[in-house]
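1. mind looking at a prediction? Sequence and model below.
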Amino acid sequence: MLTLLLTMVVGLLPWSGVAQAHGTIINPSSRAYQCWKDWGNNHMNPAMQQQDPTCYQAFQANPDTMWNWMSALRDGLGGQFQARTPDGQLCSNGLSRNNSLNNPGNWKATNVSRNFSVQLYDQASHGADYFRVYVSKNGFNPTTQRLGWGNLDLVTTTGRYAPAQNITFNVSTSGYTGRHIVFVIWQASHLDQAYMWCSDVNFV
């Protein structure tokens, strides 16, 4: 019981600890971050099953996915993102422990316009070699389909960013309406570490 309590307390303090010292997209919120933000302090509430079934299944599958929302990284991909990340595993960054993030469903979506900003929170200030931002193609349904590479349009590739805890950049799109996934790859600068996330959005 004490071990469980300590685990829960640590999980509620994601701003500290070596294992946590990475980052995620906080706007539009990545799936794990959104679930942690909405339910991290209330994750035992049975109402989650009815009010937010996608987050509920994620917490049931592995609560650590949400507690460690900063740590969805893979080492040594050498830029071979597509070759080494199978279709259907993009939202988990190919990490089996985070497989629940790949499941389609009514994930909470952030309203965005055709021109929107992407914000990374990076506790350890790694900096970026670049970001790649994709939007799911028109006709793809994130509530019923797992995301594959063929479902994506590349809309932005950035340049380098100096180390900072907060990095924000603008994305311009056209022709998207309604529900989509914004898929972001962050190639960190300090090591060959790649992060990939899905953020659910609603173009309005």
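-> Thanks, I have the structure now. Residues are numbered from 1 along each chain as shown.
2. by mean pLDDT, which helix or strand of this protein comes out lowest?
-> The weakest-scoring helix or strand in the chain, judged by mean pLDDT, DSSP states H and E, is helix 2-11 (a mean of 36).
3. now whatever helix or strand comes next after that one: mean pLDDT?
-> Read in the C-terminal direction, the helix or strand following helix 2-11 is strand 23-27, with elements assigned using DSSP states H and E. Averaging pLDDT along strand 23-27 gives 96.
4. how many residues are close by the closest residue to Ser30 other than its chain neighbours?
-> Once its chain neighbours are removed from consideration, Ser30 has its nearest residue in Trp197; the separation is 3.9 Å (CB to CB, 6 or more residues apart in numbering). The way it works is simple: take the backbone N, C-alpha and C, and place the C-beta from them, glycine included. Counted with other CB atoms under 10 Å, the neighbours of Trp197 add up to 28.
5. what does Thr173 give?
-> Other residues near Thr173 come to 18 when the count uses other CB under 10 Å.
6. and it, what is it in contact with?
-> Applying CB atoms under 8 Å, 6 or more residues apart in numbering, we find Thr173 in contact with Arg114, Asn115, Phe116, Val135, Val155, Phe203.
7. tell me how far it lies from Val112.
-> As for Thr173, its distance to Val112 is 9 Å (criterion: CB to CB, to the nearest Å).
8. Ile25 too?
-> With the distance defined as CB to CB, Ile25 ends up 12 Å from Val112.
9. who's more crowded, these two?
-> For Ile25 versus Val112, the count of surrounding residues by other CB under 10 Å is larger for Ile25: 26 against 22.
10. isn't the more buried one right up against Val118?
-> Yes - proximity of Ile25 to Val118 meets the contact threshold set by CB atoms under 8 Å, at 6.2 Å.
11. what is in contact with those two at once?
-> Shared contacts of Ile25 and Val118, counting by CB under 8 Å, 6+ apart, come down to Val184.
12. residues of the helix or strand that contains Val135 that come out buried?
-> Following DSSP H and E, one finds Val135 within strand 128-136. By neighbour count with 16 or more other CB atoms under 10 Å, strand 128-136 contains the buried residues Ala128, Asp129, Phe131, Arg132, Val133, Tyr134, Val135, Ser136.
13. show the subsequent helix or strand relative to that strand.
-> Going down the chain from strand 128-136, the next helix or strand is strand 152-157, by DSSP H and E.
14. quick one, that next one and strand 128-136 angle?
-> Using axes from the mean of the first three to the mean of the last three CA atoms, to 10 degrees, the inter-axis angle of strand 152-157 relative to strand 128-136 is 140 degrees.
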